[in-house]
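**Q** I'll drop the sequence and a predicted model, then ask my questions.
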Number of protein chains: 2
Amino acid sequence: MAEKLTLGVAARLSTYLRILTQSRKQGLESISSQEISDYANVNPTQVRRDLSTFGKFGKRGVGYKIDSLISEIQAILHTGGEHAIALVGAGNLGSAIATSAMFKDHGFHIAAVFDNDPRRIGGQLQELVVEPASTITSRCRELGAVLGVIATPPGSAQEVADQLAEGGVKILFNYTETLLNVPDEVIVHTINPAEEMLYALYFYLT
Amino acid sequence: MAEKLTLGVAARLSTYLRILTQSRKQGLESISSQEISDYANVNPTQVRRDLSTFGKFGKRGVGYKIDSLISEIQAILHTGGEHAIALVGAGNLGSAIATSAMFKDHGFHIAAVFDNDPRRIGGQLQELVVEPASTITSRCRELGAVLGVIATPPGSAQEVADQLAEGGVKILFNYTETLLNVPDEVIVHTINPAEEMLYALYFYLT
DNA sequence: TAGATTGTTAATCGATTAACAATC
DNA sequence: TAGATTGTTAATCGATTAACAATC
């Protein structure tokens, strides 16, 4: 395998993949670096450079074939496979996450949903039955889940994080505002739109 | 006003602000660059450098006073005030967004909620009454909303984006997977956790 | 004092982009 | 051919971080 990508390149390639996946859904077959750049908010030269580092994927005067570019980027990111997600929290947010097509589009699927509310346990969420939070650790081990999503009230987040980590989950997506303490080998990604708003607003205000 | 910050610095300052705000909520009064760095996943030297560009906010041997550091960063980002958000979509996702404390913590407040489902219009969401989607443009003008959040099904996203832009909204947060076409002066931020997962998974797999 | 932590330097490294030849 | 768009160069610019003196 080639060198490890830098943070910036990997982030941008993920963005391109999202744009390409969605463009394909809309029936498009090819796309230019200019169009990708419009949706990704990056310079078009940057797009071409990011891609040309790994091969000559485009056709001069024409653009990039969407299908094949998706495959190329998936190969670069090693993320063409299927990946199991453990989702904790079956409330409004958890339901929204389970219902969304976003994950399925990129090869992720929710393998189990947990909640600690007896009124929700045993209920259906899409094709899944809501399982009790007390089984998080054992079920994650069984499923071999590497990815965990925390969509609980903030007060439960740390406890849930502990159970997920104990179950072998290595990447936590934290939708609560709680700061989580986790073992060194676990990475926490916090999903906080307010943080992005601050950032967006700064550039608007200046 | 000083120079415009680079993308990276502004993004990191926003992250620090989230961490500081949450640490204060937990009752802490001071924090070290090492602690900030643990939560932000950046190098501690980077944290100190980011801050020291704007002044000497810390105390050697002690760390940073959380309260005053929050004020300093808010001043740098010009985001200490209150900002109105127009939220479109009162389903699971919209409800989760309206209920979350994340926005309030950073001076954002949902000023109006819209939906096009007659069963939802007129209903309560927190302190707000759900308004018909047909009034988005006029209400955004009235409210002077600069920020819009699209939490509808994907099929309605483009139409909603058009109405928000028409109403003077300049920054759109798009929670759907739809690629939006907007006027040049409008910025779209797409919230797609699957994209972040691809990225996180790459670093886990390599 | 001893320990901790900041602020800053200095060096390296990677990111960015205008410009344009290549080529479809 | 004419127009469009890629791939690549070359130059600049900003980001990153180890190391350490300053100082609480």
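**A** Received it, and whenever you're ready, just let me know what you need.
**Q** Quick one: neighbours of the nearest residue to A:L180 once chain neighbours are set aside, just the number.
**A** Closest residue in space to A:L180, ignoring its immediate chain neighbours: A:A161 at 4.7 Å, by Cβ to Cβ, 6 or more residues apart in numbering or on different chains. Where you see a C-beta, it was placed from the backbone N, CA and C, and this is true even at glycine. For A:A161, the neighbour count with other Cβ atoms under 10 Å in any protein chain shown is 25.
**Q** quick one, what contacts A:A161?
**A** A:150, A:172, A:174, A:180-182, A:188 (Cβ atoms under 8 Å, 6 or more residues apart in numbering or on different chains).
**Q** Emit the PyMOL select command for whichever of the residues you listed are buried.
**A** If you want just the buried ones from the contacts of A:A161 in PyMOL, going by 16 or more other Cβ atoms under 10 Å in any protein chain shown, the selection is:
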select buried, chain A and resi 150+172+174+180+182+188
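**Q** Make a markdown table out of the contacts of A:A161 and add pLDDT and secondary structure.
**A** Output for the contacts of A:A161, formatted as a markdown table (pLDDT from 0 to 100; DSSP: H, G, I helix; E, B strand; the rest coil):
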| residue | pLDDT | secondary structure |
| --- | --- | --- |
| A:I150 | 98 | strand |
| A:L172 | 97 | strand |
| A:N174 | 97 | strand |
| A:L180 | 96 | coil |
| A:N181 | 94 | coil |
| A:V182 | 95 | coil |
| A:V188 | 94 | strand |
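**Q** what ranges do the helices span in chain A?
**A** A:7-25, A:33-40, A:44-52, A:66-77, A:92-99, A:102-105, A:136-143, A:157-166, A:193-205 (DSSP state H).
**Q** Check the gap between the residue of chain A found nearest DNA strand C and A:Q46 for me.
**A** Residue nearest to DNA strand C within chain A (Cβ to the nearest atom of the strand): A:G61, separated by 2.2 Å. The gap separating A:G61 from A:Q46 is 20 Å, by Cβ to Cβ, to the nearest Å.
**Q** Comparing these two, which shows the higher neighbour count?
**A** Counted by other Cβ under 10 Å, A:G61 and A:Q46 do not tie: A:Q46 has more neighbours, with 16 against 6.
**Q** Tell me the buried residues in the longest strand that chain A contains?
**A** As assigned by DSSP state E, the longest strand anywhere in chain A is strand A:108-115. Within strand A:108-115, the residues scored as buried using 16+ other Cβ under 10 Å are A:108, A:110-115.
**Q** Also stretch A:22-30?
**A** A:22-24, A:30.
**Q** pLDDT added to those residues, as TSV?
**A** Putting the buried residues of stretch A:22-30 into TSV (pLDDT from 0 to 100) gives the following:
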residue	pLDDT
A:Q22	95
A:S23	96
A:R24	96
A:S30	97
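**Q** Pick out the most distant pair among the residues you listed.
**A** Longest distance between any two of those is 14.5 Å, between A:Q22 and A:S30; criterion Cβ to Cβ.
**Q** Output the below-cut-off pLDDT ranges for chain A.
**A** Within chain A, the stretches falling below the threshold (pLDDT under 70) are A:1-3.
**Q** For the residue lying farthest from the centre of it, give me phi and psi.
**A** The centre of chain A is farthest from one residue, A:G61, which by Cα atoms, centre = their mean lies 33.2 Å away. A:G61 adopts backbone torsions of phi 80, psi -10, taken as degrees, to the nearest 10.
**Q** how near is it to chain B?
**A** As for A:G61, its distance to chain B is 24 Å (criterion: Cβ to the nearest Cβ, to the nearest Å).
**Q** Please apply the same query to A:E35.
**A** 10 Å.
**Q** I figured A:S23 hits A:I66, correct?
**A** Yes: when contacts are counted by Cβ atoms under 8 Å, A:S23 is listed as touching A:I66 (5.8 Å).
**Q** Return every residue with contacts to both of the two.
**A** In contact with both A:S23 and A:I66: A:I31, using Cβ under 8 Å, 6+ apart.
**Q** can you list the domains in chain A?
**A** A:7-77, A:83-193 (automatic domain parsing).
**Q** and B:S37, which of those domains is closest to it?
**A** The nearest among the domains of chain A, by Cβ to Cβ, is domain A:83-193 at 12.8 Å.
**Q** need the contact list for the most centrally placed residue in chain A.
**A** The structure's chain A has its C-alpha centroid closest to A:F103; by Cα atoms, centre = their mean the separation is 6.8 Å. If a contact means Cβ under 8 Å, 6+ apart, then A:F103 has A:85, A:97, A:109-110, B:193-194, B:197 as its contacts.
**Q** which one of the residues you listed sits closest to DNA strand D?
**A** Among the contacts of A:F103, and counting by Cβ to the nearest atom of the strand, the member closest to DNA strand D is B:M197, at 21.0 Å.
**Q** And stretch A:30-39, how far out from the chain middle?
**A** Relative to its parent chain, stretch A:30-39 has a centroid offset of 22 Å by Cα atoms, centre = their mean, to the nearest Å.
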